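Peer 1: Provided below are the primary sequence and the corresponding predicted coordinates.
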Amino acid sequence: MNFDSIRCYHQEEVPATLERLSNEKQFVNILSTIYPLLPKEVLKQRLTSFDNTDDFQKIMVYPFLQYIEANLTKGIELQGVDQIDKKQPYLYISNHRDIILDSSLLCGKLLEHGMDTVEIAIGDNLLVFPWIEDLVRMNKSFIVRRNPGAKQMLESSQLLSSYIAHTINEKKHSIWIAQREGRAKDADDRTQESLLKMFNMGGTGTFAENLAALHICPLSISYEYDPCDYLKAKEFQQKRDNPQHKKTPEDDLLNMKTGVMGYKGKVIYRIAGEITEEILQLGNDIQNRNELAAAIASLIDAKIHSNYEIYKVNLIAYDILNESTTYNKSYSLLEKLDFEKYLEMQIKKINLENKDVDFLKIRMLEMYANPFRNALLVNS
């Protein structure tokens, strides 16, 4: 298959891509805000000095990730590396909180553990400007066509599935992909069965064999605070008041900027380990393909839910929502008051004509309570 329309750029394409980016005023302005001490001409020279993605990521991108960790978090950890073989390519499937940082921060931590960065699945709805597509494809991202049209949907899914199988089995390179299309705005993370059915298209064996060949590895991402929580709550009200509401490209850009530059508290990535044997066992036990897809999706969900890091804010939100004091021994009254003040501050940022404060607060509480609720269910 010809993957040119979706694949990440080859190494020989990097110099020309960086040359194009160096002439993009908007991109250079963004780069200047990231590296304010470097004159724009110096930045352009540095950009065009790279001839491969790995050096660009290590020298240009990684220092910015270090800045984010030092200034906008309480620390970022990657746990569970002992559950995998560093030389083995995996298909990491994770919950999805932040448009840019979920995969970017993971790549930074993989570098620190002496591992290659991953190829990243990115929806074409985020490619608001042509230079963004250049930037992400040069940065080991491949394109997921979100709405190719009814006639092209099957062809698009087959191409994507074949590319994923090719990357894992031929290129021997790991991939990160979210468990569903778009972020779970309420943090109730569920794997889309249609995603698993898409993976199956790239193989020639049974459903279970095709998925097993991808070395699927569930990954949990836990942010203590979600900088985009108020934007997600705002979108909930907009969709409630107008079921036809759709985000604009400007909304996506605001979410990207807010997610990157907002405070995140502690951030923990936890690798569950490969689930190949469990998938094959489910394949032996379940003959119906739809039931098998549902069972594998539930397996991935259970792995993700059981590996969340549960913060005090999750317990506080759970107790407030349930009007209970079940977990109040795990946090202080001051911590509860601080969290309630945080929610008020975030809700104040929401600009809506018919702002429903009670509704917005409940939606935000659910975002923080749901990871704990799901962890409780899977661990009970």
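Peer 2: The structure has been received and is ready for your questions. Residues are numbered from 1 along each chain as shown.

Peer 1: Next, the buried residues of stretch 149-167.
Peer 2: 156, 157, 159, 160, 161, 163, 164, 165, 167 (16 or more other C-beta atoms under 10 Å). The C-beta positions use only the backbone N, C-alpha and C, and glycine is treated the same way.

Peer 1: which other residues reach the helix or strand harbouring the first one?
Peer 2: Read it as residue 156. Residue 156 is part of helix 150-169 when elements are defined by DSSP states H and E. Under the criterion C-beta atoms under 8 Å, 6 or more residues apart in numbering, residues 1, 3, 5-7, 89-91, 119, 142, 144-145, 148, 173-175, 177, 198-203, 210, 213-215 lie in contact with helix 150-169.

Peer 1: confidence score at residue 146?
Peer 2: Per-residue pLDDT puts residue 146 at 83.

Peer 1: count of neighbours near it?
Peer 2: 12 (other C-beta atoms under 10 Å).

Peer 1: Can you verify my assumption that it contacts residue 126?
Peer 2: No. Counting by C-beta atoms under 8 Å, residue 146 does not reach residue 126; the two are 9.3 Å apart.

Peer 1: quick one on the thing from earlier: toward the C-terminus from the helix holding residue 156, list the very next helix or strand.
Peer 2: With DSSP H and E, the next secondary element past helix 150-169 is strand 175-178.

Peer 1: now the helix or strand just after that next one: mean pLDDT?
Peer 2: Using DSSP H and E, the helix or strand that follows strand 175-178 in sequence is helix 193-200. Taken as a whole, helix 193-200 carries a mean pLDDT of 96.

Peer 1: now do stretch 327-342
Peer 2: 98.

Peer 1: Same question for it: list its buried residues.
Peer 2: So for stretch 327-342, counting by 16+ other C-beta under 10 Å, buried means 327, 331, 336, 339, 342.

Peer 1: Give me the residues contacting that stretch.
Peer 2: Counting by C-beta under 8 Å, 6+ apart, 225, 312, 313, 315, 316, 317, 318, 319, 320 sit against stretch 327-342.

Peer 1: which one is residue 268 nearest to, not counting chain neighbours?
Peer 2: residue 309 (4.1 Å; C-beta to C-beta, 6 or more residues apart in numbering).

Peer 1: For residue 153, see how far away the one you found is.
Peer 2: From residue 309 over to residue 153 the distance is 37 Å, taken as C-beta to C-beta, to the nearest Å.

Peer 1: Any buried residues in stretch 346-359, and which?
Peer 2: Here stretch 346-359 shows 346, 347, 350, 356 as buried, counting by 16+ other C-beta under 10 Å.

Peer 1: pLDDT and secondary structure for those residues - can I get that in JSON lines?
Peer 2: Shown next, in JSON lines, are the buried residues of stretch 346-359 (pLDDT from 0 to 100; DSSP: H, G, I helix; E, B strand; the rest coil):
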{"residue": "346", "pLDDT": "98", "secondary structure": "helix"}
{"residue": "347", "pLDDT": "98", "secondary structure": "helix"}
{"residue": "350", "pLDDT": "97", "secondary structure": "coil"}
{"residue": "356", "pLDDT": "98", "secondary structure": "coil"}
